[in-house]
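Peer 1: Sequence plus predicted model, see below.
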Amino acid sequence: MERQKVMERGEKADVSSSSNGGGEVDVVAEMMDVIEAVGLYVGYRRTQRKECLNLVRRLKLLLPLLEEIKEIGNYKSVSSEALKTSLVNLDKALLGAKKLLKKCSCGSKIYLAMESEAVMSSFHAVYDKLNQALDDLPYDELGISVEVKEQVSLLLL
């Protein structure tokens with residue numbers, strides 16, 4: 001029962017993405033909602049528990065970066081296609097991570113045990129997408145602080 005309540009809260013966090021009046025979705029707020037939702041998942045299957053907890057920890061390390069981007073607020077006014085593309089790619093990577101973590105939390109124990117190699121390759125693919133999206137992010141253009149840049153560089157190791 002407790003798990004079901006947590007899952008429902010996580011799904012509500014999924015649906016509530018912010019918009020800025022013009023119908024355009026605020027990508028940064030959406031990414032923060034995704035990270036909040038994966039933090040609510042519980043009961044990972046034993047075969048992938050360590051990897052799931054590691055991924056959740058890494059995703060939570062992105063929150064200071066996203067909060068700083070949101071605080072600065074100039075990402076909306078920047079017309080750089082590279083910035084827009086990198087934010088969208090980061091959002092897609094986070095959604096892929098969320099989907100994988102949901103599978104490991106709610107998926108069939110038998111399926112996850114039998115397909116553990118395929119699931120592990122899914123983790124590697126998610127890490128690759130996250131690393132690529134973070135590498136492509138124009139930190140200088142956004143005005144990200146040195147401390148947050150250092151934290152992200154530690155995340156990439």
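Peer 2: Structure received. Numbers count the residues shown, from 1 in each chain.
Peer 1: pLDDT weak spots in the protein?
Peer 2: Residues of the chain that meet the criterion pLDDT under 70 lie in 1-25, 73-79, 157.
Peer 1: mind running it again at 90?
Peer 2: Across the chain, the stretches falling below the confidence threshold (pLDDT under 90) are 1-29, 39, 41-47, 68-87, 106-109, 111-113, 136-145, 149-157.
Peer 1: biggest helix in this protein by residues?
Peer 2: Taking DSSP state H as the criterion, the chain has its longest helix at helix 81-106.
Peer 1: Beyond that helix, next helix or strand please.
Peer 2: helix 109-114 (DSSP states H and E).
Peer 1: Run through who's touching that following helix.
Peer 2: Residues external to helix 109-114 that are found in contact with it (C-beta atoms under 8 Å, 6 or more residues apart in numbering): 45, 47, 48, 103, 104, 119. Backbone N, C-alpha and C define where each C-beta goes, glycine included.
Peer 1: 6 Å instead?
Peer 2: In this structure, residues lying in contact with helix 109-114 by C-beta atoms under 6 Å, 6 or more residues apart in numbering are 45, 47.
Peer 1: Who are the packing partners of the longest helix of the chain?
Peer 2: Counting contacts by 3 or more C-beta pairs under 6 Å, 6 or more residues apart in numbering; DSSP states H and E, helix 81-106 packs against helix 27-40, helix 49-60, helix 116-136.
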